Every structure is written in structure tokens, then in C-alpha cells.
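**Student:** how does the following fold in three dimensions:
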Amino acid sequence: MHIVHHAHLKPQRCDGEQQFAAADRSLGVHGFEVWMRRLDPGAHSVETCHDGELVVLVLTGCGKLLVDGGPQRFAAPCTVLVPPKRPFQFVNHGSEPMQMVAVSSASPRPKKPAS
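**Tutor:** Okay, the predicted model is just below:
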């Protein structure tokens, strides 16, 4: 299959964040994943970490990336590069939805349960 239609997909939703896999193993893609993400104004992503590189193309909105102990501010259009094995989180501090395309060379690491 060469064309994947996304109109029928129901994005995963959680506290102002929506996302869906545009390309992953379930679609026969190996070696990387592509995710479409949207953050509502004032929302933040779940803190996560990837074993591989992560490239995020920010299409709309503005916000900050929380990584390496501090915020790094950005505004669309831009590309955000997240190094491997670094916990990170996106925050939308703008007045419009932040739309992003994320490409990763490895799936996110599962969060360890709180003890």
C-alpha cells in the first residue's frame, strides 16, 4: 500500500493533546515513526523520552520545549530537534492550536510506574 488515508482515524486524546500515528509498524513501516500531534492553547504534552532521535516540524502555534533543565521557546514554522534519551515535554503557551509532525527513529520509552 502506498497511500494511507487518515480521515477515518480517531486521534488519541488526553488533556488538550491529540495525536495519531501517520506511519508506524502497524502500517508496515520499520526504522522510524511519523506522528501527527496537536496541542490546544494552554495544553502540554506528556513528558516522554525516546531512545532514538526525534525531529518535530512545528506547523502552527508557539510554545516551549522543556528539556535539559530549562525551557527553549519556539514559534512556527520551525523544526525542533530532540536528542536521544532526554526526557522532554512540549507546552503550548500561544492562543492558537499547535500542530506538529513528529518523526522518530525509535518508539517512545514506556514510562516507569510510580513506586
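
**Student:** quick one: residues contacting the residue lying closest to residue 15 once chain neighbours are set aside.
**Tutor:** Computed as Cβ to Cβ, 6 or more residues apart in numbering, the closest residue to residue 15 that is not its neighbour in sequence is residue 43, at 6.3 Å. C-beta: built from backbone N, CA, C; applies to glycine. If you count contacts by Cβ atoms under 8 Å, 6 or more residues apart in numbering, residue 43 has them with 15, 16, 17, 91, 92.

**Student:** buried subset of those residues as a ChimeraX selection?
**Tutor:** A single ChimeraX command selects the buried members of the contacts of residue 43 (16 or more other Cβ atoms under 10 Å):
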select :17,91,92
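
**Student:** ok, so of the contacts of residue 43, who is nearest residue 106?
**Tutor:** Among these, residue 17 lies closest to residue 106 (Cβ to Cβ), at 20.4 Å.

**Student:** would you mind giving the contacts of residue 43 as CSV with secondary structure, distance to residue 73 and pLDDT added?
**Tutor:** Shown next, in CSV, are these (DSSP: H, G, I helix; E, B strand; the rest coil; distance: Cβ to Cβ, whole Å; pLDDT from 0 to 100):
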residue, secondary structure, distance to residue 73, pLDDT
15, coil, 22, 74
16, coil, 19, 81
17, strand, 19, 84
91, strand, 10, 96
92, strand, 12, 97
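
**Student:** which one of the contacts of residue 43 is nearest residue 104?
**Tutor:** residue 17 (16.3 Å).

**Student:** how near is the closest one to residue 63?
**Tutor:** In this view, residue 17 and residue 63 are 12 Å apart by Cβ to Cβ, to the nearest Å.

**Student:** any common contacting residues for those two?
**Tutor:** With Cβ under 8 Å, 6+ apart as the test, residue 17 and residue 63 both reach residue 39.

**Student:** following the chain past the helix-or-strand element of the chain with minimal mean pLDDT, name the next helix or strand.
**Tutor:** None of the helices or strands of the chain scores lower by mean pLDDT, DSSP states H and E than strand 12-14, at a mean of 70. Sequence order places strand 17-23 as the next helix or strand after strand 12-14, per DSSP states H and E.
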